[in-house]
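Q: got a predicted model here, sequence first, then my questions.
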Amino acid sequence: MNNSRSLTRREVFRTGAGAAAMLALGSRAPAATSGEAVFQVIGDWGFGNENQAKVARAMAEVADANGCDFIISTGDNFYPRGVTSATDEKFRTHFEEPYSALSLRVPWYVALGNHDHNGDIRAQIDYGRLNTRWILPAPYYKRTVRLPGGSTADFFFLDTTPIRREFRSWVRFVYFPSRPQVAWLERELALSNAPWKIVVGHHPLFSGGSHGGTSALVELLQPMFDRYGVQAYLNGHNHNLEHVRMGDVQYLTIGGGSKPTRISAVDGQHFAASRLGFMQARLATEEMHIEFFDEDSRPLYRASIPVGA
Ligand SMILES: [Fe+2]
Ligand SMILES: [Zn+2]
């Protein structure tokens with residue numbers, strides 16, 4: 001076997017060469033096994049700059065080695081003012097071209113960021129009808145992923161910009177808030193039978209990044225995450241890679257898609273890097289292995305999140 005390149009996941013399945021694949025992958029995490037879903041997470045990527053292209057190449061390299069079933073965007077898809085129509089050329093220059101590698105041509109589950117709201121968010125929703133790889137049926141939505149082992153994961157994609165904006169104007173005075181999106185999330189979490197519940201939004205709850213955390217989301221969402229057994233919240237907005245644990249919930253900032261900014265220490269922080277990069281997750285019945293990679297596809301940090309507290 002040729003050890004000079006990494007095996008793709010398909011090749012691992014075909015040859016059953018799991019051990020050989022691990023050797024070929026060297027210091028990287030072991031290749032995915034058949035009981036896992038593998039996905040990548042990227043945020044704050046839409047500058048159309050060389051940094052974005054570098055991270056995109058690293059994503060493709062890791063996806064070639066480990067497989068990638070889908071990709072999650074934590075928002076700020078197009079700087080500085082989103083897009084204006086479903087045929088905006090930024091879809092080509094900032095999305096289709098940088099992420100053209102075959103291994104990244106998988107479904108992208110997209111969340112909206114504040115910069116996307118500076119443009120027409122309807123255009124991003126409409127683009128999903130032209131390109132089936134782009135999944136954003138509504139500003140907030142749910143997707144269920146069936147894991148190869150038979151378990152399920154519910155992913156809840158939020159549009160945190162309006163929640164944050166409206167929080168100070170009236171939600172504080174109408175407790176408990178009846179805002180449709182927040183009420184929708186609570187209803188969906190209560191109804192969910194999936195062992196895995198993962199929430200995705202643009203703004204962080206807890207982060208030492210330059211924008212800090214978001215008090216509105218802490219007040220509105222953290223009690224729900226604790227009550228309904230959410231294992232992880234994935235966000236962007238702060239342009240770095242970070243793992244903060246609060247209670248039994250893991251707060252993961254993945255905003256290293258194109259332009260890193262400084263990061264400071266904060267309570268509960270397990271890892272922080274002011275770096276370009278992205279996250280890979282291997283989701284199995286009992287645990288989720290997460291790994292941050294830099295723009296040269298070097299692993300920066302690894303952690304394992306159990307399904308039950
Ligand atoms: Fe951003
Ligand atoms: Zn942002």
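A: Arrived safely. Ligands and ions are numbered 1, 2, ... in the order given.
Q: longest helix in the chain, by residue count?
A: Longest helix of the chain, by residue count under DSSP state H: helix 50-66.
Q: got a list of what the residue in the stretch 101-250 of the chain positioned nearest to ligand 2 touches?
A: Proximity of the stretch 101-250 of the chain to ligand 2 (CB to the ion) peaks at residue 237, 3.9 Å away. Every C-beta, even on glycine, is put in place using the N, C-alpha and C of the backbone. Shown in contact with residue 237 (CB atoms under 8 Å, 6 or more residues apart in numbering): 43-44, 74-76, 113-114, 202-204, 207, 209, 211, 253, 255.
Q: from those, which are also near ligand 2?
A: 76, 113-114 (CB under 5 Å from the ion).
Q: what about the residues you listed, which are in helices?
A: residue 114.
Q: against ligand 1, which of the ones next to ligand 2 among the contacts of residue 237 make the cut? List them.
A: Answer for the ones next to ligand 2 among the contacts of residue 237 near ligand 1 (CB under 5 Å from the ion): residue 76.
Q: how close does the closest residue to residue 98 other than its chain neighbours sit to residue 294?
A: Distances taken as CB to CB, 6 or more residues apart in numbering place residue 56 nearest to residue 98, at 4.3 Å, with adjacent residues excluded. From residue 56 over to residue 294 the distance is 13 Å, taken as CB to CB, to the nearest Å.
Q: is residue 290 within a helix or a strand, and which one?
A: Using DSSP states H and E, residue 290 falls within strand 287-293.
Q: so for that strand, what's the average pLDDT?
A: Per-residue pLDDT values over strand 287-293 give a mean of 98.
Q: so the helix or strand that it is followed by versus strand 287-293, what angle?
A: Beyond strand 287-293 on the C-terminal side, the first helix or strand identified by DSSP H and E is strand 299-306. Strand 299-306 and strand 287-293 meet at an angle of 170 degrees, taking axes from the mean of the first three to the mean of the last three CA atoms, to 10 degrees as the criterion.
Q: ok, the residue nearest in space to the middle of the chain to ligand 1 distance?
A: Centroid check for the chain by CA atoms, centre = their mean gives residue 41 as the closest residue, at 3.5 Å. Going from residue 41 to ligand 1 by CB to the ion, to the nearest Å gives 14 Å.
Q: wait, is that residue part of a helix?
A: No. According to DSSP: H, G, I helix; E, B strand; the rest coil, residue 41 belongs to no helix; its state is strand.
Q: need the pLDDT of it.
A: Confidence score, pLDDT, at residue 41: 98.
Q: surely it and residue 254 touch.
A: Yes. At 4.6 Å, residue 41 counts as touching residue 254 under the criterion of CB atoms under 8 Å.
Q: what's the overlap in contacts for these two?
A: 74, 234, 278-279.
Q: who wins for neighbours among those residues?
A: With neighbours taken as other CB atoms under 10 Å, the top of the shared contacts of residue 41 and residue 254 is residue 74, carrying 31 neighbours.
Q: from what I can see that residue touches residue 235, true?
A: Yes. Look at residue 74 against residue 235 with CB under 8 Å: they come within range, at 5.4 Å.
Q: what touches both of those two?
A: Going by CB under 8 Å, 6+ apart, residues that sit against residue 74 and also against residue 235 are 43, 200-202, 254-255.
Q: and residue 56 and residue 294? Which one has more around it.
A: Neighbours were counted for residue 56 and for residue 294 using other CB under 10 Å; residue 56 has more, 23 against 18.
Q: returning to what we had before: scan the ones next to ligand 2 among the contacts of residue 237 and report the most crowded one.
A: The most neighbours of any of the ones next to ligand 2 among the contacts of residue 237, using other CB under 10 Å, belong to residue 113, which has 31 neighbours.
Q: contacting residues for the closest residue to that one other than its chain neighbours?
A: Computed as CB to CB, 6+ apart, the closest residue to residue 113 that is not its neighbour in sequence is residue 75, at 2.9 Å. Residues in contact with residue 75 (CB under 8 Å, 6+ apart) are 43-44, 110-116, 201-202, 236-237.
Q: counting neighbours, what do you get for residue 81?
A: So residue 81, with other CB under 10 Å, has 13 neighbours.
Q: check residue 106 too.
A: Residue 106: 17 neighbours (other CB under 10 Å).
Q: for it, helix, strand, or coil?
A: Under three-state DSSP, residue 106 comes out as coil.
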